[in-house]
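**Student:** pasted the sequence and its predicted model underneath.
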Amino acid sequence: MSGTKRQKDMRKALRALLPRVPMADAEPILEKALAAHLRHLPPSIAIWQATTSYIRHVHTDYDQLLDDDYDRDSARFFVVDDMNDVLLGWGSSRQLELEEEPGS
């Protein structure tokens, strides 16, 4: 496997967090986690933030709720169960708790 040490560490953190994530979802999550604004974070935290943001926007109705004039906190409240379902399906032992949810 090629790449920088950080890229390798990110791939390892992704596999540890989400052992059953489909490749079609793993690649965009990895790309988000490698973004410059997350560079200061340890790989496990950057992967978690990238994962939750990705799931929220790609696998839930979050953006539609915002379009329907729900505020950010309300929209997040309504999608947290759907997000946790995705996490469970991907083999994550970690669940999302609304108060810990990172910004997107």
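**Tutor:** Done, it's in. Numbering: from 1, shown residues only.

**Student:** buried sites along the strand or helix carrying Asp73?
**Tutor:** Per DSSP states H and E: Asp73 is located in helix 72-89. In terms of neighbour count (16 or more other Cβ atoms under 10 Å), helix 72-89 has its buried residues at Ala75, Arg76, Val79, Val80, Met83, Asn84, Val86, Leu87. C-beta coordinates here come from the backbone N, C-alpha and C atoms, glycine included.

**Student:** out of everything not next to it in sequence, what's closest to the third one?
**Tutor:** Right, the one you point to is Val79. The shortest distance from Val79 to any non-neighbouring residue, by Cβ to Cβ, 6 or more residues apart in numbering, is to Thr60 (3.9 Å).

**Student:** how is the one you found classified with respect to secondary structure?
**Tutor:** coil (DSSP: H, G, I helix; E, B strand; the rest coil).

**Student:** before we move on, the earlier item: which elements pack onto the helix holding Asp73?
**Tutor:** Packing partners of helix 72-89 (3 or more Cβ pairs under 8 Å, 6 or more residues apart in numbering; DSSP states H and E): helix 43-58, helix 62-67.

**Student:** among those helices, which is the most enclosed?
**Tutor:** Among the helices and strands packed on helix 72-89, helix 43-58 has the highest mean neighbour count (mean count of other Cβ atoms under 10 Å), at a mean of 21.

**Student:** just the angle for that helix relative to helix 72-89, thanks.
**Tutor:** Calculated by axes from the mean of the first three to the mean of the last three Cα atoms, to 10 degrees, helix 43-58 forms an angle of 110 degrees with helix 72-89.

**Student:** let me see the contact set for the residue lying closest to Leu34 once chain neighbours are set aside.
**Tutor:** The shortest distance from Leu34 to any non-neighbouring residue, by Cβ to Cβ, 6+ apart, is to Met10 (6.1 Å). Applying Cβ atoms under 8 Å, 6 or more residues apart in numbering, we find Met10 in contact with Leu30, Ala33, Leu34, Pro43, Ala46, Ile47.
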